[in-house]
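Novice: coordinates only, sequence not included:
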């Protein structure tokens, strides 16, 4: 079974509501943090997350 983990908010570091597996690939994925209400667009590949464009509220 593949290992799963929560994506963490790039701003506050808390868990978001999105869960990923080891080999997940995301491109231009809108990520929302329910704790700090931060929204951004991310890329996730090879276990590394990169914030591409912060969205304006």
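Specialist: Looks like it came in fine. Computed from a predicted model, the values in this text were never measured in an experiment.

Novice: and for residue 3, the neighbour number?
Specialist: For residue 3, the neighbour count with other Cβ atoms under 10 Å is 8. Where you see a C-beta, it was placed from the backbone N, CA and C, and this is true even at glycine.

Novice: show me what contacts the most centrally placed residue in the chain?
Specialist: Residue closest to the average C-alpha location in the chain (Cα atoms, centre = their mean): residue 7, at 4.5 Å. Applying Cβ atoms under 8 Å, 6 or more residues apart in numbering to residue 7 gives the contacts 15, 16, 18, 19, 20, 31, 42, 44, 49.

Novice: name the element the fourth one belongs to?
Specialist: Using DSSP states H and E, residue 19 maps to strand 15-21.

Novice: angle of the helix or strand that that strand is followed by against strand 15-21?
Specialist: Using DSSP H and E, the next helix or strand after strand 15-21 towards the C-terminus is strand 26-32. On the basis of axes from the mean of the first three to the mean of the last three Cα atoms, to 10 degrees, strand 26-32 is oriented at 160 degrees to strand 15-21.

Novice: give me the helix or strand of the chain that scores worst on average pLDDT.
Specialist: One helix or strand of the chain scores below all others by mean pLDDT, DSSP states H and E: strand 48-54, with a mean of 83.

Novice: who's in contact with that strand?
Specialist: 7, 8, 10, 28, 39, 40, 41, 42, 43, 44.

Novice: try 10 Å this time
Specialist: Strand 48-54 has contacts (Cβ atoms under 10 Å, 6 or more residues apart in numbering) with 7-11, 20, 26-31, 38-44.

Novice: quick one: low-confidence ranges for this structure?
Specialist: The model of the chain has pLDDT under 70 over residues 1, 53-57.

Novice: sorry, back to before: need the three-state assignment for the residue nearest to the centre of the chain.
Specialist: strand (DSSP: H, G, I helix; E, B strand; the rest coil).
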